[in-house]
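J.: sequence first, predicted model second:
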Amino acid sequence: MPVTVLEKFDSRASTTGASASVELTYTIRGTDDDTVAKAQLLIDSPATYDGLVRQSAEIEPVDGRDLWNGTVHYGVAKPAERPETGDSSFSFDTGGGTQHITQSLETVDSYAPAGKTAPNFGGAVGVTHDSVQGVDITVPVYHFAETHYLADAVVTLAYRGTLFRLTGKVNNASFKGLDAGECLFLGASGSKRGEEDWEITFRFAGSENKTSLTVGEITGIAKKGWEYMWVRYEDAEDDTAKALVKKPVAVYVERVYEDGDFSGLGI
């Protein structure tokens, strides 16, 4: 038997004033389970009524089986609380970024026609006659943002200049749980709220420092999160496959972002 919810004829008694409220009353039939009865009441009663929002619902059994009275209470929606000076909020995602690589972590397998051996390129990806084309992959990048409500006395011209000068810099010390070299400051945006304070959102990206990396026969490579690593290849003879191949002969780690003192952000 389906569960039915019917509004009572004399349901819509209301009060008005600063704390306006309405109670709608219902009859629920078709179940002896109170959780089912209440769930169906919430499904069939409106979420809003006459500009008021549903705030609570309750049921009570009626003499006899599978019968309930239901009451849904509506009232004025509470205004969202305004953040106070000194408050903050946080958001993040780990959606990752894209990186072009020319070297794999490992060549899992290779195939060649019967009687021949596939050349060994030492992990180089997309090797052609005169180049290594590589491939774009998704790499872990930790994006996060913080919104802070700073007093007007804090957000001076000098402070805004500090935000400008730290944009595009990498942390020179531990910051927000990230080691030196792992956090890139993407910039800040803000606006003044009346005469009291400023709402400023700070945006960052995190990339993990790496140690003990291996490229071909080159081992022990260390690279900080926002440093750039590239590989130099040269022609080499693969005696087994009797072919000329491209093999990594040098690895370079380049610093492409300046370091910055993130304590100047004041967060």
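T.: Right, received. Where do you want to start?

J.: okay, now R160: neighbour count?
T.: For R160, the neighbour count with other CB atoms under 10 Å is 14. Just so you know, the C-beta spots here come from the backbone N, C-alpha and C atoms, and that holds for glycine as well.

J.: now name the helix or strand holding it.
T.: Per DSSP states H and E: R160 is located in helix 157-166.

J.: try L150
T.: Here L150 sits within strand 142-151, counting by DSSP H and E.

J.: next, the angle from that strand to helix 157-166.
T.: Put simply, strand 142-151 runs at 170 degrees to helix 157-166, going by axes from the mean of the first three to the mean of the last three CA atoms, to 10 degrees.

J.: what comes up buried for strand 142-151?
T.: 142-150 (16 or more other CB atoms under 10 Å).

J.: again, but for stretch 113-120
T.: Neighbour-count burial for stretch 113-120 [16+ other CB under 10 Å]: 119-120.

J.: out of the helices and strands in this structure, which is least certain?
T.: The least trusted helix or strand in the chain, going by mean pLDDT, DSSP states H and E, turns out to be strand 13-15, with a mean of 54.

J.: identify the residues contacting the helix or strand containing A222?
T.: If you go by DSSP H and E, A222 is part of strand 218-223. Contacts with strand 218-223, where a contact means CB atoms under 8 Å, 6 or more residues apart in numbering, come from 209-215, 229, 248, 250-251, 253.

J.: can I get these in a markdown table including pLDDT and secondary structure?
T.: Converted to a markdown table, the contacts of strand 218-223 look like this (pLDDT from 0 to 100; DSSP: H, G, I helix; E, B strand; the rest coil):
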| residue | pLDDT | secondary structure |
| --- | --- | --- |
| N209 | 96 | coil |
| K210 | 94 | strand |
| T211 | 93 | strand |
| S212 | 91 | strand |
| L213 | 92 | strand |
| T214 | 90 | strand |
| V215 | 89 | strand |
| M229 | 91 | strand |
| P248 | 88 | strand |
| A250 | 92 | strand |
| V251 | 92 | strand |
| V253 | 94 | strand |
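
J.: closest one of these to S189?
T.: N209 (28.1 Å; CB to CB).

J.: who's in contact with that closest one?
T.: Contacts for N209 (CB under 8 Å, 6+ apart) come out as 179, 181-182, 222-225.

J.: ok, of those, which come out buried?
T.: The buried subset of the contacts of N209 - by 16+ other CB under 10 Å - is 181-182, 223-225.

J.: now for those residues: which two are most distant?
T.: Using CB to CB, the buried ones among the contacts of N209 span at most 11.2 Å, a distance reached by E182 and K223.

J.: what is the end-to-end distance of stretch 208-223?
T.: 9 Å (CA to CA, to the nearest Å).

J.: in that stretch, what's buried?
T.: Buried positions in stretch 208-223, judged by neighbour count with 16+ other CB under 10 Å: 213, 215-216, 223.

J.: stretch 179-195 too?
T.: Neighbour-count burial for stretch 179-195 [16+ other CB under 10 Å]: 180-185, 188, 190.

J.: got the CA positions of it in CSV?
T.: Provided in CSV are the C-alpha atoms of stretch 179-195 (Å, rounded to 0.1, in the frame of the first residue of the first chain):
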residue,chain,number,x,y,z
ASP,A,179,57.9,22.6,2.7
ALA,A,180,60.1,25.3,1.3
GLY,A,181,59.8,25.3,-2.5
GLU,A,182,56.4,23.6,-2.6
CYS,A,183,54.0,26.5,-2.5
LEU,A,184,53.5,29.0,-5.3
PHE,A,185,51.5,32.3,-4.4
LEU,A,186,49.1,32.9,-7.3
GLY,A,187,48.0,36.3,-6.0
ALA,A,188,45.2,37.9,-3.9
SER,A,189,42.0,39.9,-4.6
GLY,A,190,40.2,42.0,-2.1
SER,A,191,37.6,44.7,-1.5
LYS,A,192,36.8,46.9,1.4
ARG,A,193,33.6,46.3,3.5
GLY,A,194,32.3,49.7,4.5
GLU,A,195,34.7,51.5,6.8
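
J.: what residues are up against the residue nearest in space to the middle of the chain?
T.: Geometric centre of the chain, nearest residue: D93, 1.3 Å, by CA atoms, centre = their mean. Neighbour list for D93: 143-144 [criterion: CB under 8 Å, 6+ apart].
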